[in-house]
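Trainee: predicted model and sequence follow; I will ask about them next.
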Amino acid sequence: HSVVRNALFCLETATDEKDNHVYTKALMAYAFALAGKEEKRKALLGSLEKEAVKKDGSVHWQRPGKEPEVDLPYYRYRAPSAEVEMTAYALLAHLTTQPAPSQQELSFASLIAKWISGQQNPNGGFSSTQ
């Protein structure tokens, strides 16, 4: 369909920009995964991996320039909704591939899922509306 083709062309052009925000990269990686554009998906995921926060056996992404978390006793830090969303999109991009994700991608995805599950509120939901 011409509208989808034009939209993908627009996204492909946008991937060449050097200052793409982490959130934008995560969304584009998922969009390219859905479109079956494997090379673009992998390139964006590679770029995202360089910006990932790897801590306590989990992986997530946060906004650039964000102040570090305060480590207080008896307090469980919960990330802002934008960080939960961008991390979830990165997870979807890892898992949405044809053929099925490789064992390496599944292992990395499990580290992302670990962080996301730690962001659940006491009612089992998330701060994100997505």
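Mentor: Looks like it came in fine.

Trainee: for the rest of this, base every contact and every neighbour count on C-alpha atoms.
Mentor: Fine.

Trainee: so which strand or helix has residue 123?
Mentor: Per DSSP states H and E, residue 123 falls between elements, in no helix or strand.

Trainee: and the pLDDT at it?
Mentor: Note on residue 123: pLDDT of 81.

Trainee: now do whichever strand or helix holds residue 42, average pLDDT.
Mentor: Assigned by DSSP H and E, residue 42 belongs to helix 38-51. The predicted model assigns helix 38-51 a mean pLDDT of 94.

Trainee: could you number the chain from 43 rather than 1 from now on?
Mentor: Yes, from this point I'll number from 43; that puts the last item at helix 80-93.

Trainee: packing partners for whichever helix or strand comes after it?
Mentor: As assigned by DSSP H and E, the chain's next helix or strand after helix 80-93 is strand 95-97. In this structure, strand 95-97 packs against strand 100-102, with contacts taken as 3 or more Cα pairs under 8 Å, 6 or more residues apart in numbering; DSSP states H and E.

Trainee: list the contacts for the nearest residue to residue 82 once chain neighbours are set aside?
Mentor: Of all residues not flanking residue 82 in the chain, residue 74 sits nearest, at 6.4 Å (Cα to Cα, 6 or more residues apart in numbering). Neighbouring residues of residue 74 by Cα atoms under 8 Å, 6 or more residues apart in numbering: 50, 80, 82, 83.
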